[in-house]
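> dropping the sequence and predicted coords here.
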Amino acid sequence: MKRLTILIGVLLLGVPVHSTLPAAQTAVPTRSLYQAASLADIKEIELHIARGTDLNKPDDNQNTALGLAVVTTRLDVVKLLVEAGAKVDTPSRDVPPILIASIQGSRDLVEYLIASGANVEATNTTGMTALIVATEGGYLDIVELLVTNKANVNAKDTRGQTPLSIATARRQTEIAQFLRQHGAEEPPSMLDDSPYGRRGMTPPPEATSVAEPGEAVGARRATTTLQILGDPNEIQVRVAAFPGLREAIAAVDVNSVAEQRNWRQRRTDNRTMLIRAVEKQFVEEMTFIKRIGQGEKAAKTVAAVDALVAARKARSEVIYDDLREERRAAMLAEREATARARSGARSRGRTGQADPLAGNPANDPYAAAPTRPAPRPRPDEAADEPALDAETQSQLQAWLTSDPLDKRDLLGTVHELDLREYDSLRQMAVAEEAKKTAAAIEGLMLARQRRVTDITAKMAEEDERLQRLEERAGTAATPGTMRGRTGRGTTGQEEQGTQRTGRRYR
């Protein structure tokens, strides 16, 4: 009789069944709320809603149901959660849903979240807004939608990047034009954006200084930053003043494809190939500068180019030799480990159990230690090897201690040195009043800056792709699997520390 009364009430008054029946009488979900959201399983989500599951509580990985649903780009799933009480501004893994929708390039989701009260100025932990994210993705329609809804066109993330600086660096002319039309300010300096992964590391203005005469170029890198590049718009004007120069710089820049591809390689250790590609591009650019300097009779600048090319060649050979030696030692150690493992397996195969006389290299206190290559002699121990200069030492350390699968820090170190060396040539050209040569150098510096920005952006895109795959699979990141996003995973090379660098800088 009681059930009949409830049923009549439902039919006459339109009361939802789940609001009248006890939770114990509703169907039990077979998936967690987070799994259902990531799989866009509407029926399972409805069961959780009927049972009163907290829609805003994050899981152990700090994902929210709404954040996972936004990743699927299913508007119907997002609507279901929001209408049932999911908060539109609650971050999922520190990323607000409106940023996730912008990353996914879903204009419909962004529009719905805004209509549902989402804050268009919400940021993640690095200060990125939805507009910055949409600009990075090249989504003009989302950029227009956000700006129409009062998004700040001059917002800055912790790296100092603005939507316009990103659009300019990525040559997104339509987005840049739209942002300018809506009050975006031109970026004052592309160097300040520090595009190679060192967020928040720009020093205060009073810390900026120039190396003293005779001081190593990299001696003050940790505490100072040279203001080398000025307004990129002014550089472009100076380049455009010489007919054909812009096109010539672009032609040299196109040849950097191999270098960029090597920087983005993250599956294997390709550092020996990378340094060859880096130096090949450098030589091509120096040849270009030298040719223009000769045309302007800038003898000192031409001589400086020759000296710089010679110094770089010597430095790269030192680094290349040590990288090759390191790789050879690692391969030898791996072969020895494999041989020991096979020998142990054969012993076990003959007796059906481990051979008690064979010993276990892993835990036998009397077993011989694994064979390691003898360290190379230090400079003060070897009369036939001259000591290395400070900059070579610094670069060698950067190359040898870098994570082979995530070379972001290495990219930053190499890029900073490049800009400093190019600027020394530019100053020489200015002193000789070789205006075209100086403009060419600035144009190449600007092109290099854009390349680094683009390489880093592609690394970040790969990180986002891996993160989305993990979220869809419902798995948590493990050390070493998300190198670009979490820093560095533990590798055998890192465990060895500086021992593997041999004689160079112990």
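That came through fine. Numbering: from 1, shown residues only.
> what's the neighbour count on the closest residue to residue 472 other than its chain neighbours?
Nearest residue to residue 472, sequence neighbours excluded (Cβ to Cβ, 6 or more residues apart in numbering): residue 38, at 5.7 Å. Every residue, glycine included, has its C-beta placed from N, CA and C. If you count neighbours by other Cβ atoms under 10 Å, residue 38 ends up with 23.
> settle this for me: residue 38 is touching residue 474, isn't it.
Yes - counting by Cβ atoms under 8 Å, residue 38 touches residue 474, with 6.1 Å between them.
> where does pLDDT dip in the stretch 1-150 of the chain?
Residue ranges of the stretch 1-150 of the chain with pLDDT under 70: 1-26.
> re earlier: distance check, the residue nearest to residue 472 against residue 275.
According to Cβ to Cβ, to the nearest Å, residue 38 stands 42 Å off from residue 275.
> got it, and residue 51?
Distance of residue 51 to residue 275, computed by Cβ to Cβ: 59 Å.
> looking at these two, which is more packed in?
Counted by other Cβ under 10 Å, residue 51 and residue 275 do not tie: residue 275 has more neighbours, with 21 against 15.
> check what pLDDT the more buried one gets.
In this model, residue 275 is scored at 91, pLDDT.
> what sits against it?
Shown in contact with residue 275 (Cβ atoms under 8 Å, 6 or more residues apart in numbering): 316, 319-320, 323, 399.
> repeat that for residue 143.
If you count contacts by Cβ under 8 Å, 6+ apart, then residue 143 has 131, 134-135, 163, 175, 178-179 around it.
> go again using 6 Å as the cut-off
By Cβ atoms under 6 Å, 6 or more residues apart in numbering, the contact set of residue 143 is 134-135, 175.
> just after the host helix or strand of it, pick out the following helix or strand.
Here residue 143 sits within helix 140-148, counting by DSSP states H and E. Beyond helix 140-148 in the direction of the C-terminus, DSSP H and E gives the next helix or strand as helix 163-169.
> buried stuff in that following helix?
Neighbour-count burial for helix 163-169 flags 163-169 (criterion: 16 or more other Cβ atoms under 10 Å).
> before we move on, what about stretch 253-269?
By 16+ other Cβ under 10 Å, the buried positions in stretch 253-269 come out as 253, 256, 259, 262-264, 266, 269.
> re the thing from before, need the buried residues of helix 163-169 in JSON lines with pLDDT and distance to residue 238, can you?
Shown next, in JSON lines, are those (pLDDT from 0 to 100; distance: Cβ to Cβ, whole Å):
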{"residue": "163", "pLDDT": "93", "distance to residue 238": "25"}
{"residue": "164", "pLDDT": "92", "distance to residue 238": "21"}
{"residue": "165", "pLDDT": "89", "distance to residue 238": "19"}
{"residue": "166", "pLDDT": "88", "distance to residue 238": "23"}
{"residue": "167", "pLDDT": "88", "distance to residue 238": "22"}
{"residue": "168", "pLDDT": "85", "distance to residue 238": "17"}
{"residue": "169", "pLDDT": "79", "distance to residue 238": "19"}
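> show me the shaky parts of the stretch 351-500 of the chain.
Scanning the stretch 351-500 of the chain for pLDDT under 70 picks out 351-387, 475-500.
> ok, which stretches of it are helices?
Under the criterion DSSP state H, counting those that start in this stretch, the stretch 351-500 of the chain contains helices at 390-401, 408-431, 435-473, 483-486, 492-496.
> let me know which of those helices is the nearest to residue 47.
Closest approach to residue 47 among the helices of the stretch 351-500 of the chain is made by helix 435-473 (20.9 Å; Cβ to Cβ).
> what's that closest one packed up against?
The helices and strands touching helix 435-473, judged by 3 or more Cβ pairs under 6 Å, 6 or more residues apart in numbering; DSSP states H and E, are helix 232-240, helix 257-264, helix 271-295, helix 408-431, helix 483-486.
> those: which one's closest to residue 81?
Closest approach to residue 81 among the helices and strands packed on helix 435-473 (Cβ to Cβ): helix 483-486, 25.6 Å.
> residue 80 and residue 117, how far apart?
Per Cβ to Cβ, residue 80 is found 17 Å from residue 117.
> neighbour-wise, which of these two wins?
Between residue 80 and residue 117, counted using other Cβ under 10 Å, the more crowded position is residue 80 (19 against 10).
> which element is that one on?
Assessed by DSSP H and E, residue 80 sits inside helix 75-83.
> cool, and residue 342?
helix 299-351.
> which helices and strands sit right next to that helix?
Using 3+ Cβ pairs under 6 Å, 6+ apart, the elements in contact with helix 299-351 are helix 271-295, helix 390-401, helix 408-431.
> orientation of the shortest one relative to helix 408-431 in degrees?
What it means is helix 390-401. Angle of helix 390-401 versus helix 408-431, following axes from the mean of the first three to the mean of the last three Cα atoms, to 10 degrees, is 150 degrees.
> equivalent analysis for the longest one, please.
Using the same axes, to 10 degrees, the direction of helix 271-295 lies 10 degrees away from that of helix 408-431.
> centre of the chain to helix 271-295, how far?
For helix 271-295, the separation from the chain centroid amounts to 25 Å (computed by Cα atoms, centre = their mean, to the nearest Å).
> picking that back up, can you tell which of the helices and strands packed on helix 435-473 is closest to residue 113?
Closest approach to residue 113 among the helices and strands packed on helix 435-473 is made by helix 483-486 (23.8 Å; Cβ to Cβ).
> from the contacts of residue 275, which single one is nearest residue 106?
Among these, residue 399 lies closest to residue 106 (Cβ to Cβ), at 41.0 Å.
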